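In: here's a sequence, model it:
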Amino acid sequence: MKKLRRFCLPAAVLLACLWSLSSLFGGDGTPSDAPRVVRTKEGARLRVETIVTGLEVPWSVAFSSPRRMIVTERPGRVRVVEDRVLRSAPLATIADVESTGETGLMGLALAPDYPSSRLLYLSYAYRGASPRVRVEQYRDEGTRIVRTRTILEGIPAAQFHAGCRLRFGPDGKLYVTTGDATERDLAQKMDSLAGKTLRLNPDGSIPPDNPFRGSPIFSLGHRNSQGLDWQPGSGLQFQTEHGPSGFDGPGGGDEVNIVEAGKNYGWPIIHHRQTRPGLVSPLLEFTPAIAPSGASFARGGALASFAGDFFFATLRGERLVRVRFAPQDPRRVASVEDLLSGDYGRLREAMIGPDGALYVSTSNRDGRGRVREKDDRILRISQQE
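Out: Have a look, this model is predicted:
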């Protein structure tokens, strides 16, 4: 018995430990709404707070002002959050959204001239003889959005691998990531928009300086890219991409790629760490699978000490991944770190806000996660002073 006593915690210490845990999680293991602090490997502190709850599979986030956030929900709703309060009435409910498996209302991007034009862009799978994805332009009228034109439609889709992230690049062009629609060979076919990165003018026309004349295709050989952003300083485009799932190749092989005009990223000819002349292998590869999703570079502000770091959400991995780069080489990875591992479940979007903070959405109500009370939610991540 004397030996056992050496391992017994004093009652006060035990109660303090239990209180600390209960401040982070509810009695059922659900994350509480209280802010928490997490430490990085080098000891920097990040403040994580829940700012919105009660969403259903929030896919994309964009800020129309520092106080107003627009959110797409996979079932077809476009929601508004103002001053951290979720409006009960959606801006729109897209009637013909096909929300089966991984499809639904997905990408969202604001036009570069949004403050004057009030234009925004949505991508979604729609019902038809076979699944397809379209990109549409809308005008934001404050309490509703009104469709102004179809930018692109007929993008191959399926229950799985439907894409579809939208982002405007530093060049003012609209970039669209598309999945291979579970037909892997389409990613290599130039007469198909599946498994590609597309580049368009804001009105849907094809830029004359695209790498393939008369085609919206910017890059090819992608399986299912879900995250997209440009590195500050270098202007390099980074994407996150899902690797094979077993039925179309050995599991794992998730990727982070530097995507450049006209290049071929190999799927399905190469995957994981395979190489072949003329095909681009990933900058980072992850096996077992983590299902990387939304991605953004920190640019200062509320994450001043993290400027230049690449953050991306993961679904299967249930964590936020932080990538740092060598100071003198924007293409060389210096370190990779996992954050929030398992704390909030599946993470889908990762978007830098006007304040420089990182806004991350959960995706526990997508049929693959364990639903926590008040899911789905949006987290705000900032530097703790």
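
In: in what helix or strand does the closest residue to S219 other than its chain neighbours lie?
Out: Sequence neighbours aside, T197 is the residue nearest to S219 in space, at 4.3 Å (criterion: Cβ to Cβ, 6 or more residues apart in numbering). C-beta: built from backbone N, CA, C; applies to glycine. Under the criterion of DSSP states H and E, T197 resides in strand 196-200.

In: so what are the sheet partners of that strand and their directions?
Out: strand 174-177 (antiparallel), strand 217-220 (antiparallel) (DSSP bridges).

In: could you give the mean pLDDT of it?
Out: On average, the pLDDT along strand 196-200 is 98.

In: which residues does it contact?
Out: 135, 151-152, 169, 173-178, 187, 206-207, 210, 216-220, 222, 225, 228, 239, 259 (Cβ atoms under 8 Å, 6 or more residues apart in numbering).

In: please indicate which of those residues are buried?
Out: With burial judged by 16 or more other Cβ atoms under 10 Å, the buried subset of the contacts of strand 196-200 is 135, 151-152, 169, 173-178, 187, 206, 210, 216-220, 222, 225, 228, 239, 259.

In: tell me where the stretch 201-350 of the chain has strands.
Out: 217-220, 225-230, 237-241, 254-259, 284-286, 292-297, 310-314, 320-326, 329-339, 347-352 (DSSP state E, counting those that start in this stretch).

In: right, I mislabeled it, should have said the stretch 51-200 of the chain
Out: Ranges of strands within the stretch 51-200 of the chain are 58-65, 68-73, 77-82, 85-86, 92-93, 105-110, 119-126, 132-140, 145-156, 166-168, 174-177, 196-200, based on DSSP E, counting those that start in this stretch.

In: for Q383, find the nearest of the ones you listed.
Out: Nearest of these to Q383, taken as Cβ to Cβ: strand 58-65 at 18.7 Å.

In: and the closest one, what does it pack against?
Out: strand 68-73, strand 105-110, strand 347-352, strand 358-362 (3 or more Cβ pairs under 8 Å, 6 or more residues apart in numbering; DSSP states H and E).

In: sketch out the low-pLDDT regions of the stretch 51-200 of the chain for me.
Out: Along the stretch 51-200 of the chain, the model assigns pLDDT under 70 to no residue.

In: thinking again about what came up before, for the helices and strands packed on strand 58-65, give me a markdown table that also has distance to K374 and mean neighbour count.
Out: Listed next are those as a markdown table, based on distance: least, Cβ to Cβ, whole Å; neighbours: other Cβ atoms under 10 Å:
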| stretch | distance to K374 | mean neighbour count |
| --- | --- | --- |
| strand 68-73 | 15 | 23 |
| strand 105-110 | 21 | 24 |
| strand 347-352 | 16 | 26 |
| strand 358-362 | 10 | 27 |
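
In: out of the ones you listed, which is closest to P268?
Out: For P268, the closest of the helices and strands packed on strand 58-65 is strand 105-110, at 22.6 Å, according to Cβ to Cβ.

In: between strand 347-352 and that closest one, find me the angle.
Out: Relative orientation of strand 105-110 versus strand 347-352 (axes from the mean of the first three to the mean of the last three Cα atoms, to 10 degrees): 0 degrees.

In: what is strand 105-110 packed up against?
Out: strand 58-65, strand 68-73, strand 77-82, strand 119-126, strand 166-168.

In: so can I have JSON lines of those strands showing distance to G253?
Out: Converted to JSON lines, the helices and strands packed on strand 105-110 look like this (distance: least, Cβ to Cβ, whole Å):
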{"stretch": "strand 58-65", "distance to G253": "23"}
{"stretch": "strand 68-73", "distance to G253": "28"}
{"stretch": "strand 77-82", "distance to G253": "33"}
{"stretch": "strand 119-126", "distance to G253": "25"}
{"stretch": "strand 166-168", "distance to G253": "24"}
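
In: how about those strands, which one is nearest Y344?
Out: strand 58-65 (12.6 Å).

In: can you point out the buried residues in the closest one?
Out: P58, W59, S60, V61, A62, F63, S64.

In: which of those residues sit farthest apart?
Out: W59 and S64, at 16.8 Å, using Cβ to Cβ across those.

In: just to revisit the earlier point, same list (the helices and strands packed on strand 58-65) but as JSON lines, adding distance to D248.
Out: Below are the helices and strands packed on strand 58-65 laid out as JSON lines (distance: least, Cβ to Cβ, whole Å):
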{"stretch": "strand 68-73", "distance to D248": "27"}
{"stretch": "strand 105-110", "distance to D248": "21"}
{"stretch": "strand 347-352", "distance to D248": "22"}
{"stretch": "strand 358-362", "distance to D248": "27"}
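
In: out of these, flag the one nearest Y265.
Out: With respect to Y265, and counting by Cβ to Cβ, the nearest of these is strand 105-110 at 19.4 Å.

In: and that closest one, which strands flank it?
Out: Checking strand 105-110 against DSSP bridges gives partners strand 119-126 (antiparallel).

In: identify the residues contacting the most centrally placed residue in the chain.
Out: Residue closest to the mean C-alpha point of the chain, counted by Cα atoms, centre = their mean, is G294 at 1.2 Å. Residues near G294 by Cβ under 8 Å, 6+ apart: 60, 165, 226-227, 240, 312-313, 348-351, 360-361.
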